[in-house]
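Peer 1: here is a sequence together with a model predicted from it:
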Amino acid sequence: MEQPSGSQQPAFERVSFVRPCVYCGARLAVFVSREAGSGETHNYECPECGKDYPVHAALEPLVSLLEPRTDGKDDRYMETLF
């Protein structure tokens, strides 16, 4: 039995990508859910240094560390305003 088109659940698109952290060099796998016609900017951070990155998504993105930082440091990223 078919449901009326007005009661269909929204179609989520699941996207994943790998990116390096520009601050510490760690490799991150980012998993994002997007919904057609909606979404907002969410931030996710590098688990190694805390640098924030924006992404357009319907839900909070999930981040997995693929490779640890490569810069030989153990500091946290600090946003500077000039």
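Peer 2: Received, thanks.
Peer 1: quick check: bridge partners of S16?
Peer 2: Here S16 sits in beta bridges with F31, going by DSSP bridges.
Peer 1: adjust the sequence numbering to begin at 55 for everything that follows.
Peer 2: Sounds good: first residue 55 from here, last item S70.
Peer 1: what confidence value was assigned to it?
Peer 2: As predicted, S70 sits at a pLDDT of 96.
Peer 1: residues in contact with the residue nearest the centre of the chain?
Peer 2: Centroid check for the chain by CA atoms, centre = their mean gives P115 as the closest residue, at 4.1 Å. For P115, the contact set (CB atoms under 8 Å, 6 or more residues apart in numbering) comprises V84, F85, V86, H96, Y98, V109. Backbone N, C-alpha and C define where each C-beta goes, glycine included.
Peer 1: taking these together, which two end up most distant?
Peer 2: Within the contacts of P115, F85 and H96 form the most distant pair, 11.9 Å apart (CB to CB).
Peer 1: which of the contacts of P115 sits closest to E133?
Peer 2: Distances from E133 to the contacts of P115, taken by CB to CB, are shortest for Y98, at 15.0 Å.
Peer 1: who are the contact partners of that closest one?
Peer 2: Y98 sits next to V84, D106, Y107, V109, E114, P115, L116, V117 when contact means CB under 8 Å, 6+ apart.
Peer 1: redo that, cut-off 7 Å
Peer 2: Going by CB atoms under 7 Å, 6 or more residues apart in numbering, Y98 touches V84, Y107, V109, P115, V117.
Peer 1: for G91, give its distance to D106.
Peer 2: Plainly put, G91 is 26 Å away from D106 if you go by CB to CB, to the nearest Å.
Peer 1: tell me which of the two has more neighbours.
Peer 2: Counting neighbours by other CB atoms under 10 Å for G91 and for D106 shows that D106 has the greater number, 10 against 7.
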